[in-house]
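Novice: Sequence and predicted model, in that order:
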Amino acid sequence: MPPIFYFFLALACLIGGYFVYSRIVEKLFIPNYSRPTPANTMNDGVDYIKLPTWKVFLIQLLNIAGVGPVFGPILGALYGPAALFWIVIGSLVAGAVHDYFSGMMSLRYAGESIPDVIGYTLGKSFKHFMRVFSLVLLVLVGVVFVTAPAKMLAGLTPGLDMKFWIAAIFIYYFAATILPIDVIIAKIYPLFALVLIIMAVGVTFGLIFKGYSFYNWSEIDPPGILTNLHPKHLPMWPLMFITIACGALSGFHATQSPLMSRCLINERDGRSVFFGAMIAESVIALIWATAAMTYFGSPAELASVISEGSPSLVVNKVSLGLLGITGGILAILGVVVLPITSGDTAFRAARLIVGDVTRLPQKKIANRLIIAVPIFIVGIVICQIDFDVIWRYFGWSNQTLATVVLWAAAAYVVKRGTNHWFVTLPATFMTATCISYICVETELGLGLSLGVSATIGVLAAMAALIWFLASLNKFRQKIILEIPVPGNAVVPPAA
């Protein structure tokens, strides 16, 4: 069956799943529509600002949708239609659940950053670990989302090299990090969203009208939807589940959701903003996975293009080939928008985490500069490291953070008295996936055999599940469900 048919089937499942499964997840959290949100009680004119729901949704979508839902699915397409299967299942039962709870728990905890949210659910040791882990991940994300768009922009502007674009992007990131959120981000993101929509619609219709939609890799090796078509015969699990992060499940989203929990006017909007933005990002991932599977003649040809110029070359070839010069450039710019609108908020989220740790008020620009300047110095230094090395570390650390957040959400649900298995099961699966990956990976991890790595991963996941079930009473007794915030002051609870 041609991949385009799998695409429309997957698209229908995502849309239908949003209307059904998001309601189930919302009932696990039990939102309170009459409870004032941090945007109402803590408005500081910088980070805590009331914004209309449509704008919060667009910002959230562009915050979370970096190069991940483009580059990851392109690399995942090497495995065949199974990539689409993981995008749909991963997004509905793990990614959107993860995003919804990370945003809504932050909202209940006065808009605090994800390390503190985890601390309120899993304890102090997890909080301290996640503060360091989240900061490292955010700086890595910021650097990845500088070099990737800089490389694509350099390809479009022969007179301007990659160094120029890296400098220009860093300057923009710094401004977006220290200025109030409604000065730059809230004003330009709707325009960026329009470019993004043009890209998505253009590539989809280009595949159909130019005949690529009926290309079928099954002519080479008749596959079922879960048949592994990778030209190097790399194992689908756990590698594909780490490769396709954004678009299915991404811990980076948990660092971004608190930014919007500080701008949400009512808890009823959490479902459309957090769960809905994840589904929208998954649609982008479906488009690029399908494009990579249909535009090139075989998995080997796709692998050759990736090897020649990274997934960014795939983006260039597909966009220009399907839409011509003008449309292709617009589509490429749509892809460039994704990392830029995630990189700026990655550094912004890093500033807020340090601000939460130091309890340094962020209303004064001097305090913001004290935190932001050292973070950017570190980012510029890391930017000198090879992109491929940074990407591998980002992929694993990204999914590991997502796994910890899922366990924190499961503990929160236990305290709520609702069914924790909707969160516990994906947390267990991702625990096995992340640990198996770090064991089997040759350059990043231990380089063990797949069988040994899988055994270690499954045993570790079972141990985590047993620990969680043994701690149910502890979670019910100790977890703080919400922080009452009087006036404009942040009142942290006892940990």
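Specialist: Nice, thanks for sending it over. Residues are numbered from 1 along each chain as shown.
Novice: Now do the contacts for Leu11.
Specialist: Listed by Cβ atoms under 8 Å, 6 or more residues apart in numbering, the contact partners of Leu11 are 283, 286. C-betas here are computed from N, CA, C, even on glycine.
Novice: Tell me how far it lies from Ala460.
Specialist: Relative to Ala460, Leu11 is positioned 35 Å away (Cβ to Cβ, to the nearest Å).
Novice: Now tell me which helix or strand of this structure has the poorest mean pLDDT.
Specialist: In the chain, no helix or strand scores lower on mean pLDDT, DSSP states H and E than helix 185-209, which sits at a mean of 79.
Novice: Check which helices and strands the helix or strand following that one sits against.
Specialist: The first helix or strand that comes after helix 185-209 along the chain, using DSSP states H and E, is helix 236-243. On a contact count with 3 or more Cβ pairs under 8 Å, 6 or more residues apart in numbering; DSSP states H and E, helix 236-243 meets helix 68-76, helix 82-90, helix 387-416, helix 421-440, helix 450-470.
Novice: Tell me how many other residues surround the closest residue in space to Thr433 that isn't next to it in sequence.
Specialist: In space, and not counting its chain neighbours, Thr433 is closest to Pro238: 4.4 Å by Cβ to Cβ, 6 or more residues apart in numbering. Neighbours of Pro238 under the rule other Cβ atoms under 10 Å: 25.
Novice: give me every residue that touches Pro238.
Specialist: So Pro238 contacts 432-434, 436-437, 440, 453-454, 457 (Cβ under 8 Å, 6+ apart).
Novice: Just give me the closest of those residues to Val404.
Specialist: Nearest to Val404 out of the contacts of Pro238 is Cys434 (Cβ to Cβ; 9.6 Å).
Novice: Pull the contacting residues for the closest one.
Specialist: Taking Cβ under 8 Å, 6+ apart, we find Cys434 in contact with 238, 242, 396, 399-400, 403, 457.
Novice: Ala291: which element?
Specialist: For Ala291, the enclosing helix or strand under DSSP H and E is helix 276-295.
Novice: Give me the distance from the next helix or strand after that helix to the chain's centre.
Specialist: Following helix 276-295 in sequence order, the next helix or strand is helix 299-358 (DSSP H and E). Chain-centre distance of helix 299-358: 13 Å, with Cα atoms, centre = their mean, to the nearest Å.
Novice: again, but for stretch 85-95
Specialist: The answer for stretch 85-95 is 13 Å, by Cα atoms, centre = their mean.
Novice: Check stretch 56-65 too.
Specialist: Stretch 56-65 sits 10 Å away from the centroid of its parent chain (Cα atoms, centre = their mean).
Novice: then it to PDB, C-alphas only?
Specialist: What follows is stretch 56-65 as a C-alpha-only set of coordinates in PDB (Å, rounded to 0.1, in the frame of the first residue of the first chain):
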ATOM      1  CA  VAL A  56      -1.200  30.600  23.400                       C
ATOM      2  CA  PHE A  57      -1.900  27.600  21.100                       C
ATOM      3  CA  LEU A  58       0.200  29.000  18.300                       C
ATOM      4  CA  ILE A  59       3.100  29.900  20.600                       C
ATOM      5  CA  GLN A  60       3.000  26.400  22.200                       C
ATOM      6  CA  LEU A  61       3.000  24.700  18.800                       C
ATOM      7  CA  LEU A  62       5.900  26.800  17.500                       C
ATOM      8  CA  ASN A  63       7.700  26.400  20.900                       C
ATOM      9  CA  ILE A  64       7.600  22.600  20.700                       C
ATOM     10  CA  ALA A  65       7.900  22.000  17.000                       C
END
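Novice: what's it in contact with?
Specialist: Contact with stretch 56-65 is made by 51, 99, 103, 185-186, 189-190, 192-193, 196, 246, 250, 252-253, 256-257, 259-260, 263-264, 269, 272-274, 276-278, 280-281, 284, 337-338, 341-342, 345, as judged by Cβ under 8 Å, 6+ apart.
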